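K.L.:
Sequence and computational prediction follow.
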Amino acid sequence: MPIRVAVATDDGKSLYDKLFHSAKFFAIYDILGKSPTKVEMRVNTRRESKSAASVLEILRDCEVLIAKRFDSKLKELVEARGIITVETTKDDVESAVLEVAENISRLSE
């Protein structure tokens, strides 16, 4: 069964460099083994919300969230729900997803 991942981005190629919940889009990937597959670009309809947690409504099918930075309250809430947050220094969306796929694959060996 694939693991669904959301990556904060404004253009689909580069990671958004501010807080996760304020990105324009989320690049959605499914990871099965070491092979991530891009599923869609999801518009962040909660971007202007005063509540960072409201972004979870549009990402409820995701098990891993990747960003440069997370709001500390959102990170705490997300992790309490069993969703993994990954803060990365990678600039490229695909590189960040590949890194997560490799780490997940290594853990399942």
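P.N.:
Done, it's in.
K.L.:
Now do the strands in this protein.
P.N.:
3-9, 25-32, 35-43, 64-67, 84-87 (DSSP state E).
K.L.:
And stretch 69-78, what's buried?
P.N.:
Neighbour counts over stretch 69-78 (16 or more other CB atoms under 10 Å) mark 69, 70, 71, 74, 75, 78 as buried. C-beta here means a position set from N, CA and C on the backbone, and glycine is covered the same way.
K.L.:
Show me these that map onto helices.
P.N.:
In helices, defined here by DSSP state H, the members of the buried residues of stretch 69-78 are 74, 75, 78.
K.L.:
before we move on, the earlier item: residue 94: which of the buried residues of stretch 69-78 is nearest?
P.N.:
residue 69 (19.4 Å; CB to CB).
K.L.:
Quick one, which of the strands of the chain gets closest to residue 94.
P.N.:
strand 35-43 (7.6 Å).
K.L.:
Apart from its neighbours in sequence, what residue is nearest residue 24?
P.N.:
Leaving aside its chain neighbours, residue 24 sits nearest to residue 10 (4.6 Å; criterion: CB to CB, 6 or more residues apart in numbering).
K.L.:
Report the residue spans of the protein with pLDDT below the cut-off.
P.N.:
Residues of the chain meeting the criterion pLDDT under 70: 108-109.
K.L.:
What residues sit buried inside stretch 39-48?
P.N.:
Result for stretch 39-48 [16+ other CB under 10 Å]: buried residues 44, 46.
K.L.:
Using PDB, write out the CA atom coordinates for that stretch.
P.N.:
Taking C-alpha atoms only, stretch 39-48 is exported to PDB below (Å, rounded to 0.1, in the frame of the first residue of the first chain):
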ATOM      1  CA  VAL A  39      -0.500  12.100  -8.100                       C
ATOM      2  CA  GLU A  40      -1.600  15.800  -8.300                       C
ATOM      3  CA  MET A  41      -1.000  19.400  -7.500                       C
ATOM      4  CA  ARG A  42      -3.500  20.400  -4.800                       C
ATOM      5  CA  VAL A  43      -4.400  24.000  -4.400                       C
ATOM      6  CA  ASN A  44      -4.100  25.200  -0.800                       C
ATOM      7  CA  THR A  45      -7.600  26.600  -0.300                       C
ATOM      8  CA  ARG A  46      -6.800  27.200   3.400                       C
ATOM      9  CA  ARG A  47      -3.900  29.400   2.700                       C
ATOM     10  CA  GLU A  48      -5.500  32.600   4.000                       C
END
